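*Asks:* pasted the sequence and its predicted model underneath.
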Amino acid sequence: MFEKFLSLINYYVALNEEEIGYLRDVLVVKQHKKGEVIFSEGQVARTIYFVLEGCVRLFYNVDGADKTAFFFTEGKFICAGASYTFGTPARENYQAVENTVLVHLDRQTIDQLLQLSPKFELIARISIEDELITSQQLIASFITLSPEERYTELLKTNGDLFRRVPQHYIASFLGISQETLSRIKRRVVIREGKRKS
């Protein structure tokens with residue numbers, strides 16, 4: 001698993017032998033079963049997670065309803081940012097939607113990594129920028145696109161999710177009911193069939 005972590009981290013920046021050796025000593029890797037809630041609202045975030053394998057769903061409880069906000073797959077960092085930064089109770093919930101392997105980086109480890117090398121600060125900055133850009137794209141999609149356009153965009157950019165994630169979570173993520181998702185799928189299949197014939 002450590003080699004896989006290095007391979008995914010290399011997407012952000014290449015580390016030298018000393019940095020790799022330090023990481024090897026401090027990394028904590030944990031497996032989470034499908035359906036397991038990894039972090040719950042009301043807790044104070046003291047850990048940043050990195051997805052090695054699997055898929056994690058971010059969801060909120062809104063008036064008793066479970067609303068999916070995002071999916072994190074391999075190579076993505078996960079953090080309840082405001083809670084981690086300000087030490088306040090989080091609103092976020094994170095759940096493994098398939099058997100998942102995560103790197104757990106607690107605050108003390110992160111502080112040590114940041115002191116060891118500026119490359120870890122670069123990784124932190126890039127991961128925050130990545131999350132910010134993703135959040136902005138998500139907001140823009142809800143403002144500028146119809147539900148069907150959001151569906152086709154998700155299919156185009158992250159179609160693998162439709163195989164990995166239960167459809168009611170996809171529908172919640174798109175802000176529609178399961179019935180509407182089924183109707184959209186049928187329309188898209190028919191349209192694509194006509195386009196190919």
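*Replies:* Happy to help now that I have it. Keep in mind that this is a model prediction, so the values were computed, not measured.
*Asks:* longest helix of this protein?
*Replies:* Longest helix in the chain by number of residues (criterion: DSSP state H): helix 118-144.
*Asks:* now do that one, average pLDDT.
*Replies:* Mean per-residue pLDDT for helix 118-144: 86.
*Asks:* for the residue nearest to the spatial centre of the chain, which non-adjacent residue is closest in space?
*Replies:* In the chain, the residue lying closest to the centroid (C-alpha atoms, centre = their mean) is residue 72, at 1.9 Å. Distances taken as C-beta to C-beta, 6 or more residues apart in numbering place residue 56 nearest to residue 72, at 4.5 Å, with adjacent residues excluded. C-beta coordinates here come from the backbone N, C-alpha and C atoms, glycine included.
*Asks:* wouldn't that neighbour be in contact with residue 92 here?
*Replies:* No - if you go by C-beta atoms under 8 Å, residue 56 and residue 92 don't touch, sitting 10.9 Å apart.
*Asks:* neighbour count for those two, which is higher?
*Replies:* residue 56 (23 against 20; other C-beta atoms under 10 Å).
*Asks:* got a list of what that one touches?
*Replies:* Contacts here follow C-beta atoms under 8 Å, 6 or more residues apart in numbering; on that basis residue 56 touches 38, 49, 71, 72, 78, 94, 95, 96, 97, 100, 102.
*Asks:* which among those residues gets closest to residue 128?
*Replies:* Among these, residue 78 lies closest to residue 128 (C-beta to C-beta), at 12.2 Å.
*Asks:* quick one: residues contacting the closest one.
*Replies:* 48, 49, 50, 51, 56, 58, 72, 94, 102.
*Asks:* equivalent analysis for residue 142, please.
*Replies:* Residue 142 touches 150, 175, counting by C-beta under 8 Å, 6+ apart.
*Asks:* what about the helices in the chain?
*Replies:* Using DSSP H, helices in the chain cover 2-9, 17-26, 81-86, 107-116, 118-144, 147-158, 161-164, 167-174, 178-196.
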